[in-house]
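Trainee: When you get a sec, could you give me coordinates for this:
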Amino acid sequence: MEGGNLLSFVNAPAAVIVFGATLGATLVSMPLSQVIGAPRVMLNAFFHKEYDPVSVREKLMELAQKARREGILSLESELESIPDDFMKNALQLVIDGTDPEIVREVLTTELAVQESRHKLGENLFMTMGALAPTMGITGTVMGLVHMMESVSEPEQMGPAIAGAFMATLYGVGSANIVFIPIGTKLKVRSAEEQLAREMIMDGVLALQEGQSPLAVGERLSAFLDPKRKRAQQQAKAA
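Mentor: This next block holds a predicted model:
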């Protein structure tokens, strides 16, 4: 907009220093398998299946109604139609007659393992976000050292200084526009999924206890945000 040229922001040596050093330091900091899987983890931040708490609540109330009317074993016919593996596994445990405490323990362990796995992905991008600015400054210092070698040739100092500061731009820009936002997005996605699965666990245990569909719905309403809870209450009043 101010008459500049976008090509002036392209600097191959600065990019090699910043992104190469960031990748190298990340490989030292994180397991190799986690770094190799970074593209897949990044896609999860944007294309991950979203959980709708209202839909989860309605599905569990529907299952509670069927279990109350036809018995727990009747839920086995519903398993194939349930896309979520966590809910399917939880219901299978209940159908198999597993003790409620063991069901809770198994599902809690699965949630803990899931959270730990998600944290690895979050930490990968947060680590890269922390390293990139430092590598950018390192690249700038290297560029300025190279520039000082040309101090006797003033016409070369301008391009050398510009190239040196490109490393800082790449480091700070990639950290704050790419790495940290992706890490934050993954953290939000993980929290949403964790809440939905805690909701599923609570609903399945209520179903196993033989609670009525209405009681199951009321119990799961605690997991809804205030806005949706008010909408539920208004719909019920209407």
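Trainee: Could I get the full set of helices for this structure?
Mentor: Per DSSP state H, the chain carries helices over the ranges 12-29, 32-36, 38-47, 53-70, 85-95, 100-148, 154-174, 180-208, 213-220, 226-237.
Trainee: Low-confidence regions, the chain specifically.
Mentor: Counting by pLDDT under 70, the chain shows low-confidence ranges at 1, 150-151, 154-156, 226-238.
Trainee: Can you tell me the centre-most residue of it?
Mentor: Taking CA atoms, centre = their mean, the centroid of the chain lies closest to residue 186, which sits 2.0 Å from it.
Trainee: which residues does the closest residue to residue 141 other than its chain neighbours contact?
Mentor: Leaving aside its chain neighbours, residue 141 sits nearest to residue 164 (7.9 Å; criterion: CB to CB, 6 or more residues apart in numbering). Where you see a C-beta, it was placed from the backbone N, CA and C, and this is true even at glycine. Contacts of residue 164 were listed using CB atoms under 8 Å, 6 or more residues apart in numbering, and they are 14, 139-144, 146-147.
Trainee: measure residue 164 to residue 177 for me?
Mentor: Summarising the geometry, the distance separating residue 164 from residue 177, computed by CB to CB, to the nearest Å, is 21 Å.
Trainee: Next: residue 71.
Mentor: In this structure, residue 71 and residue 177 are 55 Å apart, going by CB to CB.
Trainee: sorry, back to before: compile the helices of the chain into a markdown table and extend it with columns for distance to residue 4.
Mentor: As requested, the helices of the chain are exported to a markdown table (distance: least, CB to CB, whole Å):
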| stretch | distance to residue 4 |
| --- | --- |
| helix 12-29 | 17 |
| helix 32-36 | 35 |
| helix 38-47 | 30 |
| helix 53-70 | 48 |
| helix 85-95 | 51 |
| helix 100-148 | 20 |
| helix 154-174 | 12 |
| helix 180-208 | 25 |
| helix 213-220 | 55 |
| helix 226-237 | 45 |
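Trainee: just so I know, which of the ones you listed lies nearest residue 2?
Mentor: Using CB to CB as the measure, helix 154-174 is the one of those that comes nearest residue 2, at 15.7 Å.
Trainee: Would you quantify the distance from the closest residue in space to residue 108 that isn't next to it in sequence to residue 181?
Mentor: Take residue 108 and drop its neighbours on the chain: the residue closest to it by CB to CB, 6+ apart is residue 201, 7.4 Å away. Plainly put, residue 201 is 30 Å away from residue 181 if you go by CB to CB.
Trainee: Surely residue 125 and residue 175 touch.
Mentor: No. Counting by CB atoms under 8 Å, residue 125 stays clear of residue 175, with 9.8 Å between them.
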